[in-house]
Each structure stands twice: as C-alpha cells, then as structure tokens.
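[1] sequence and computational prediction follow.
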Amino acid sequence: MSSDIWTLCGGNRLVRKRSLEVYRVVQGQAVNGLAKFVKNASELEILEEMLENSKPPVPEEDKSDEKLIYTPFRYFLKDKGARFNGPNSPRVWYGSRDLNTCLREKAYHQFCFIEDSVGLKDKSIDIIFTSFLSQWKSKRCVNLCSNSFKYHHDKITSPSSYFESQKLGEDMYNDSIEIFLFPSCRNPGKENFGSFTPTAYVKNSLSKRRGWTAIFRPELVTIIPHNRKFQGKAFDIQKSDFSVNGRFPRV
C-alpha cells in the first residue's frame, strides 16, 4: 500500500542534515509584454504593482525576497497536482541536481502543455527559459534515491501516476521533512530535488542565471543557449525520449 512506503522503509530514521546545490528552470517573464498596455514608466510600475497585489500572498515564513524562490510556494496546484503534492496539499519547490536533467524535466511538462492546448500541437513554438542555481540547507532531509527506498522506486517515479508519490509526499510532510531528493523519471539515473518550505533556502545564494531559447516542434525541442561560451552548444530533446511502451506518458 502507498501509505506503507515511508514507514516500511523506516523513513524517519533516514533523515540527515544536508546542504545541496540545485538547478531550476522557469519560463522567462518579459516585462516588455506589459509595456504595450501603458504610456510611460510610471504607469508600468503601477500596473506591475496591481498584478503583484492580485496574486496570493508570499508565505510568511519566506525571508528570501526572491521571486524565483517564493513563487512556487504562493500557489496551490490544480487538477492532478505534481509528483509529491496533490491539489490543495502542501506546496513543493522542485529542481534537479544537474542542469541537463532540469531542462529535460521542463521539456516534458512543456510537451504536455502543448498537447493540451488547442491549435498548438502541430506548430513550431519558441519559448524563453531561464535557468539558475540555488543552495538549500536543512537538518530534515531524506534521500529517496537511496537503497533504502530502491524497492519502491518504480512507484515513486511512475511516468503515468502520482498516486503513490503524493501519498509519500504527504507522509514526509507530516513527519516534518523539509527537503528531499528523488529519482528523476524523465532522466533515469539522475536526481531531482523538492522542498516543502522556503526557509531551507540559503538566502542570497542564487547564481549562474542563464537564458535559453527552446524551439518546440511536434516531435522534438531544440534547446539553444544564449551564451555558448558558458553554456555549450545547442542540443535536441526528442519527444520520443519520454515514451513508455511506444506512447508518450501522461499523468
């Protein structure tokens, strides 16, 4: 049973103090898009303030003053939720231990969005991504990639269901876990990261902000770095890379 994973693996005895560096990729938010609705900089500032005030409040425990950190904690997820948090359950900040895995995870979810969007499935779409590195530290960390959980990795990383992992996420949250590592479903063998609280973020630790242009076509996405000197060459991610038994998996 899903409720047994945490207790059967002795989750609470596996809690450790950890300091981790984590990558995250977000879709670029261009201020230029708002400028066309106003006449000058003063009106733009007012419009931005109005939009900010219309959003859910920043969590009281957040001390980072970093939108890239606190934004995921502002919103409850809809529909089926995410890997370790369902709709209206505790919010989770997700990332990956390496940049390539983070870009692949982002590409998968963008392919899902395109499939669900009428009129986008057969078109070429350009999207700006921003990647960054951040540091996290907690005395309440658990590593779900460890051998202690290996018999449950298939459930934790299911490509088509969050049922087991969301129950595990609930159990971890109730046991005061703050940050955790888990196996990547979209890049097997690599590690992803989650945090239940913004307080585990090490303030002022954001670094390596990089820009990317992602050109999505029906069967692949081309990832183009904005600065090849520091980011390397462009590369492709095939949609079929995520296939399971010949089908693109959906949760």
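    Looks like it arrived, so ask away.
[2] surely Met172 is in a helix?
    Yes - Met172: assigned to a helix according to DSSP: H, G, I helix; E, B strand; the rest coil.
[3] mind listing the strands for the stretch 51-200 of the chain?
    93-96, 125-143, 179-183, 191-195 (DSSP state E, counting those that start in this stretch).
[4] any chance of these in CSV, plus mean neighbour count, distance to Glu164 and mean pLDDT?
    Using the backbone N, CA and C atoms, a C-beta is placed for each residue, glycine as well. Shown next, in CSV, are the strands of the stretch 51-200 of the chain (neighbours: other C-beta atoms under 10 Å; distance: least, C-beta to C-beta, whole Å; pLDDT from 0 to 100):
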stretch, mean neighbour count, distance to Glu164, mean pLDDT
strand 93-96, 22, 17, 97
strand 125-143, 18, 16, 96
strand 179-183, 23, 12, 98
strand 191-195, 24, 15, 98
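[5] so which of the ones you listed gets nearest Asp236?
    Smallest distance to Asp236 across those (C-beta to C-beta): 14.8 Å, for strand 125-143.
[6] for that closest one, name the packing helices and strands.
    strand 16-27, helix 67-70, helix 99-116, strand 179-183, strand 191-195, strand 207-216 (3 or more C-beta pairs under 8 Å, 6 or more residues apart in numbering; DSSP states H and E).
[7] where among these is the average confidence lowest?
    Here the lowest mean pLDDT among the helices and strands packed on strand 125-143 goes to helix 67-70, at a mean of 87.
[8] what residues sit buried inside that one?
    Leu68, Ile69, Tyr70 (16 or more other C-beta atoms under 10 Å).
[9] report the contact partners of the second one.
    For Ile69, the contacting residues are Asp62, Trp93, Ser134, Pro198, Tyr201, Leu206, taking C-beta atoms under 8 Å, 6 or more residues apart in numbering as the criterion.
[10] go with 6 Å
    Contact partners of Ile69, counting by C-beta atoms under 6 Å, 6 or more residues apart in numbering, are Pro198, Tyr201.
[11] for Tyr173, see how far away it is.
    Per C-beta to C-beta, to the nearest Å, Ile69 is found 19 Å from Tyr173.
[12] ok, back up a step: need the strands of the stretch 51-200 of the chain in TSV with distance to Ser240, can you?
    Below are the strands of the stretch 51-200 of the chain laid out as TSV (distance: least, C-beta to C-beta, whole Å):
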stretch	distance to Ser240
strand 93-96	21
strand 125-143	18
strand 179-183	21
strand 191-195	21
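[13] was I right to think Ser207 contacts Phe132?
    No - when contacts are counted by C-beta atoms under 6 Å, Ser207 is not listed as touching Phe132 (7.1 Å).
[14] anything in contact with each of the two?
    Joint contacts of Ser207 and Phe132 (C-beta under 6 Å, 6+ apart) do not exist.
[15] in PDB, list the C-alpha atoms belonging to stretch 108-128.
    In PDB, the C-alpha atoms belonging to stretch 108-128 read as follows (Å, rounded to 0.1, in the frame of the first residue of the first chain):
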ATOM      1  CA  TYR A 108       8.500  17.100 -20.800                       C
ATOM      2  CA  HIS A 109       6.000  19.300 -19.000                       C
ATOM      3  CA  GLN A 110       6.000  21.800 -21.800                       C
ATOM      4  CA  PHE A 111       5.200  19.000 -24.300                       C
ATOM      5  CA  CYS A 112       2.300  18.100 -22.000                       C
ATOM      6  CA  PHE A 113       1.100  21.700 -22.100                       C
ATOM      7  CA  ILE A 114       1.300  21.900 -25.900                       C
ATOM      8  CA  GLU A 115      -0.700  18.600 -26.200                       C
ATOM      9  CA  ASP A 116      -3.400  20.100 -24.100                       C
ATOM     10  CA  SER A 117      -3.500  23.400 -25.900                       C
ATOM     11  CA  VAL A 118      -5.900  23.700 -28.900                       C
ATOM     12  CA  GLY A 119      -4.100  24.900 -32.000                       C
ATOM     13  CA  LEU A 120      -0.500  24.400 -30.700                       C
ATOM     14  CA  LYS A 121       0.100  20.700 -31.300                       C
ATOM     15  CA  ASP A 122       1.300  21.000 -34.900                       C
ATOM     16  CA  LYS A 123       3.100  24.300 -34.700                       C
ATOM     17  CA  SER A 124       6.600  25.500 -34.000                       C
ATOM     18  CA  ILE A 125       6.700  27.400 -30.700                       C
ATOM     19  CA  ASP A 126       9.600  29.500 -29.300                       C
ATOM     20  CA  ILE A 127       9.800  29.800 -25.500                       C
ATOM     21  CA  ILE A 128      12.400  31.600 -23.400                       C
END
